[in-house]
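Novice: Sequence and predicted structure, then a few things I'm wondering about:
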Amino acid sequence: MGRSPQGCVGLSDDLPPQQLAYPDWASYTLGVFICLSCSGIHRNIPQVSKVKSVRLDAWDDAQVEFMTSRGNHVARAAFESKVPPFYYRPSASDCQLLREQWIRAKYERQEFTHPERQEPYSAGYREGFLWKRGRDNGQFLSRKFVLTEREGALKYFNRSDAKEPKAIMKIEHLNATFQPAKIGHPHGLQVTYLKDNSTRNIFVYHEDGKEMVDWFNALRAARFHYLQVAFPGASDADLVPKLSRNYLQEGYMEKTGPKQTEGFRKRWFTMDDRRLMYFKDPLDAFARGEVFIGSRESGYTVLDGLPPSTQGHHWPHGITIVTPERRFLLACETESEQRAWMEAFRKVVDRPMLPQEYAGEVGGAAWGPSPMAPSGPDRLAPCPFSSGSPLQAQTLARDGPGGLRAPDSPDVAGEAAVAGGRRDSAAPDMLRWGLSASG
């Protein structure tokens, strides 16, 4: 029976916390300990990494000595010496694609020891074809995309020979997050940007996983360089969290209208930082409504259950969101879903608001349907200033050590005027669902 390298030092910071003490797997050619999930990825690159079970497989003396002399910290120093600050470092909770391409980039392609291999996402310009979902028909069609840092924009064209783009997405208003389950493709990416005071969603993918992750990191690089110019005093540590963000929670819930006497309707909800949006379909281009979720100190709270007199909901597990102006009633199908949403809401409510979030709270005062939302009962009050929106994510300035706050912006003031917005210090919760009875 061979020896086991269980006693080796230098366990990985990248392993899930519960596996740090006793990892089950290791790459004996790289000298790193890995989790079960990553072991499958390592097995797919046998020319670079060979995997053994720490407990169940036999280890010879040479392999144990190699693991002892290496370990994750040594390997990390060797293989991650030149990771660009904007490059997304996945965690255990990220999708398979991000974790796989990180491992391949690090060990197989060695992009972080040879900077010249980072050109696909570091050059400041990128063009190619992606499969994009049509807004109205839901079909994925090949579209030409061009990312140019010089113009500060991502563009796409309906035809490869078209002279004018179908859409121009400004880098400062853009977010990208992988959504494989929602899009129905393992490489699915959701891109959001600001269009006519509303957040527009587009859904894209590429059959080549590396290509899709290169696009994702090219977008992060463009935003990183934009923010470096806009805020020259900010450190990389300040800017990197602003390059892209994942949603806090998504899923179906039931909701009712503002009178709270109407029937409940099933809708898809997305919690994007302090902004709760709902859609009729998960892949809708525009939200049908949204509400800003402030902090407890500002009069916001989340309650378990619904008021006793509430009727019309089909799902039994209620949630009541209390804002300074009104209550929003929601219902979840299962108790576990309710707990997940409650946890997400409470994390936001328990977090003190930043100065730019107060600006977002009072900025989007327009009522009525969004110019881009469907007409009829489900309507969106335009809320381009809500916390966590692409616009708010860019309005950053220094707010003391390690902090960022929103600068005064003539563009924001102009958009508020166009939207017909008003500021009312007595009623700070101006971002809310503008719904009719059947919303």
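Specialist: All right, it came through fine.
Novice: model confidence over stretch 356-367, on average?
Specialist: Over the span of stretch 356-367, the pLDDT mean works out to 49.
Novice: gap between His313 and Asn197?
Specialist: Taking Cβ to Cβ, to the nearest Å as the measure, His313 falls 32 Å from Asn197. All C-beta atoms are positioned from the backbone trio N, CA, C, and that covers glycine.
Novice: try Lys155
Specialist: Distance from Lys155 to Asn197, by Cβ to Cβ: 20 Å.
Novice: who's more crowded, these two?
Specialist: Asn197 (20 against 17; other Cβ atoms under 10 Å).
Novice: can you give me phi and psi for that one?
Specialist: Asn197 has phi and psi values of phi 70, psi 10 when expressed as degrees, to the nearest 10.
Novice: got any ranges where this structure has weak pLDDT?
Specialist: Applying pLDDT under 70 to the chain picks out residues 1-22, 359-439.
Novice: Run through the helices of this protein in chain order.
Specialist: In the chain, the helices defined using DSSP state H lie at 36-43, 61-69, 72-79, 96-103, 119-122, 180-183, 209-230, 236-239, 335-349, 355-363, 390-394, 410-418.
Novice: Just the angle for the third one relative to helix 96-103, thanks.
Specialist: For the pair helix 72-79 and helix 96-103, the angle between their directions (axes from the mean of the first three to the mean of the last three Cα atoms, to 10 degrees) equals 70 degrees.
Novice: same check, this time on the second one
Specialist: Using the same axes, to 10 degrees, the direction of helix 61-69 lies 100 degrees away from that of helix 96-103.
Novice: Please identify the buried residues of helix 61-69?
Specialist: Counting neighbours by 16 or more other Cβ atoms under 10 Å, one finds that the buried residues in helix 61-69 are Gln63, Val64, Phe66, Met67.
Novice: Between all of those residues, which two are separated the most?
Specialist: Farthest-apart pair in the buried residues of helix 61-69 is Val64 and Phe66; separation 7.3 Å (Cβ to Cβ).
Novice: Can you give me the neighbour number for Val213?
Specialist: Neighbours of Val213 (other Cβ under 10 Å): 26.
Novice: Return the residues in contact with the closest residue to it other than its chain neighbours.
Specialist: Once flanking residues are discounted, Val213 sits nearest to Gln101: 4.2 Å by Cβ to Cβ, 6 or more residues apart in numbering. Residues in contact with Gln101, defined by Cβ atoms under 8 Å, 6 or more residues apart in numbering, are Gly209, Lys210, Val213.
Novice: Just to check, the second one is in contact with Arg104?
Specialist: Yes. Between Lys210 and Arg104 there is a contact at 7.3 Å, judged by Cβ atoms under 8 Å.
Novice: and these two? which has more neighbours close in?
Specialist: For Lys210 versus Arg104, neighbours defined as other Cβ under 10 Å are more numerous around Arg104 (20 against 16).
Novice: how close does the residue nearest to that one when sequence neighbours are not counted get to Val322?
Specialist: Using Cβ to Cβ, 6+ apart and skipping the chain neighbours, the partner closest in space to Arg104 is Ile45 (6.5 Å). Using Cβ to Cβ, one obtains 52 Å as the distance from Ile45 to Val322.
Novice: my guess is Lys166 meets Asn158, correct?
Specialist: Yes. Taking contacts as Cβ under 8 Å, Lys166 lies within contact range of Asn158: 4.8 Å.
Novice: list the residues that contact both of these two?
Specialist: With Cβ under 8 Å, 6+ apart, Lys166 and Asn158 have common neighbours Arg143.
Novice: that older thread, name the member of the buried residues of helix 61-69 with the shortest distance to Cys95.
Specialist: Distances from Cys95 to the buried residues of helix 61-69, taken by Cβ to Cβ, are shortest for Met67, at 29.1 Å.
Novice: thinking again about what came up before, possible to save the buried residues of helix 61-69 as a markdown table with distance to Met277?
Specialist: Formatted as a markdown table, the buried residues of helix 61-69 follow (distance: Cβ to Cβ, whole Å):
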| residue | distance to Met277 |
| --- | --- |
| Gln63 | 52 |
| Val64 | 53 |
| Phe66 | 51 |
| Met67 | 48 |
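Novice: Among those residues, which one lies nearest to His73?
Specialist: Met67 (12.6 Å).
Novice: related to what we said a few turns ago, can you say which of the helices of the chain is packed in most?
Specialist: Each of the helices of the chain was scored by mean neighbour count; the highest is helix 390-394, a mean of 24, by mean count of other Cβ atoms under 10 Å.
Novice: if we can go back for a sec, arrange the helices of the chain in JSON lines, one row each, with distance to Ile202 as further columns.
Specialist: Below are those laid out as JSON lines (distance: least, Cβ to Cβ, whole Å):
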{"stretch": "helix 36-43", "distance to Ile202": "29"}
{"stretch": "helix 61-69", "distance to Ile202": "46"}
{"stretch": "helix 72-79", "distance to Ile202": "34"}
{"stretch": "helix 96-103", "distance to Ile202": "18"}
{"stretch": "helix 119-122", "distance to Ile202": "19"}
{"stretch": "helix 180-183", "distance to Ile202": "11"}
{"stretch": "helix 209-230", "distance to Ile202": "12"}
{"stretch": "helix 236-239", "distance to Ile202": "24"}
{"stretch": "helix 335-349", "distance to Ile202": "24"}
{"stretch": "helix 355-363", "distance to Ile202": "23"}
{"stretch": "helix 390-394", "distance to Ile202": "12"}
{"stretch": "helix 410-418", "distance to Ile202": "21"}
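Novice: of the ones you listed, which approaches Ala26 most closely?
Specialist: helix 61-69 (6.3 Å).
Novice: Dump that closest one to PDB, restricted to CA.
Specialist: Output of helix 61-69 as PDB, limited to C-alpha atoms (Å, rounded to 0.1, in the frame of the first residue of the first chain):
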ATOM      1  CA  ASP A  61       7.500   8.100  -2.400                       C
ATOM      2  CA  ALA A  62       8.500  10.300  -5.300                       C
ATOM      3  CA  GLN A  63       5.000  11.500  -5.800                       C
ATOM      4  CA  VAL A  64       4.500  12.300  -2.100                       C
ATOM      5  CA  GLU A  65       7.800  14.200  -2.000                       C
ATOM      6  CA  PHE A  66       6.800  16.200  -5.000                       C
ATOM      7  CA  MET A  67       3.500  17.100  -3.500                       C
ATOM      8  CA  THR A  68       5.300  18.100  -0.300                       C
ATOM      9  CA  SER A  69       7.700  20.300  -2.100                       C
END
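Novice: how distant is it from the center of its chain?
Specialist: 40 Å (Cα atoms, centre = their mean, to the nearest Å).
Novice: How about stretch 303-311?
Specialist: Centre to centre, stretch against its chain (Cα atoms, centre = their mean), the figure for stretch 303-311 is 31 Å.
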